[in-house]
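> return a 3D structure for these sequence lines:
(2 chains)
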Amino acid sequence: EDQVTQSPEALRLQEGESSSLNCSYTVSGLRGLFWYRQDPGKGPEFLFTLYSAGEEKEKERLKATLTKKESFLHITAPKPEDSATYLCAVQALKAAGNKLTFGGGTRVLVKP
Amino acid sequence: DTEVTQTPKHLVMGMTNKKSLKCEQHMGHRAMYWYKQKAKKPPELMFVYSYEKLSINESVPSRFSPECPNSSLLNLHLHALQPEDSALYLCASSKGLTNEKLFFGSGTQLSVL
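The predicted structure is shown next:
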């Protein structure tokens, strides 16, 4: 069974204090790993897709990396507007219907 | 237009009511999804439609009935719900069914009394 575990569950940062979120996964053949951002009361917003170990993608203050067992989302010099829940999800090669297995998320709070 | 629009934003219903949730997208996406999300939990897949045909039903109780009238619209008909069905119901769409990023709507916050 595919599994995704995110840590920490919650993260409080001061503005400008860089940190990393972890997403550990077990999947029988990875088709893709996705990162989403979710604000309270809203739907998730797509950030990145990573396909193979060693791949990295960046967007503004966010950088996602991938190894064979985990992915990291690095937040560099965060601002209060980066406060959100960050969700990691995997899609297995055998997954039907674009099915994603989500992790529990990391709630990030950035204080000014 | 890169939006998925869901209505209503909030819904309160009794256990004997019948209501419907609506979802619309105009991105030409051919796959549409219903997810259920409880507070502080990740989204859980309920249904997947591909080219207006039901592709996946994740063993969802029959009190939830999906419908895809055309390629832009997705409905979720609700009947005889239970209080534990209270959650945020999210609609999403994607271009296709293989490794495609999902575009989510803002959801309908449902409370069942």
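> what's the closest non-adjacent residue to the closest residue to chain B within chain A?
Going by C-beta to the nearest C-beta, chain B is nearest to residue A:43 of chain A, at 3.0 Å. Every C-beta, even on glycine, is put in place using the N, C-alpha and C of the backbone. What sits nearest to residue A:43 in space, not counting adjacent residues and going by C-beta to C-beta, 6 or more residues apart in numbering or on different chains, is residue B:104, at 3.0 Å.
> could I get the contacting residues of the one you found?
Shown in contact with residue B:104 (C-beta atoms under 8 Å, 6 or more residues apart in numbering or on different chains): A:43, A:44, A:45, B:4, B:35, B:90, B:91, B:92.
> mind checking pLDDT for the residue nearest in space to the middle of chain B?
For chain B, the residue sitting closest to the mean C-alpha position, by C-alpha atoms, centre = their mean, is residue B:34 at 3.0 Å. pLDDT, residue B:34: 97.
> am I right that it sits in a strand?
Yes: note on residue B:34: a strand contains this position according to DSSP: H, G, I helix; E, B strand; the rest coil.
> returning to that earlier point: what is the burial count for the residue of chain A closest to chain B?
Counted with other C-beta atoms under 10 Å in any protein chain shown, residues neighbouring residue A:43 total 22.
> now do the contacts for it.
Going by C-beta under 8 Å, 6+ apart, residue A:43 touches B:4, B:90, B:91, B:92, B:104, B:105, B:106, B:107.
> of all pairs in those residues, which one is the farthest apart?
Spanning the widest gap among these are B:92 and B:106, at 11.2 Å by C-beta to C-beta.
> so these two - more neighbours on which side?
Shown here are residue B:92 and residue B:106; by other C-beta under 10 Å, residue B:92 has more neighbours (29 against 18).
> hang on, that one in a strand?
Yes: secondary structure of residue B:92 (three-state DSSP): part of a strand.
> got the contact list for the nearest residue to residue B:97 once chain neighbours are set aside?
Nearest residue to residue B:97, sequence neighbours excluded (C-beta to C-beta, 6+ apart): residue A:98, at 4.5 Å. Residues near residue A:98 by C-beta under 8 Å, 6+ apart: A:91, B:31, B:33, B:48, B:94, B:96, B:97, B:98, B:99, B:100, B:102.
> and of the residues you listed, the nearest to residue A:70?
residue A:91 (15.9 Å).
> check the burial of that closest one by counting its neighbours.
Neighbour tally, residue A:91, other C-beta under 10 Å: 22.
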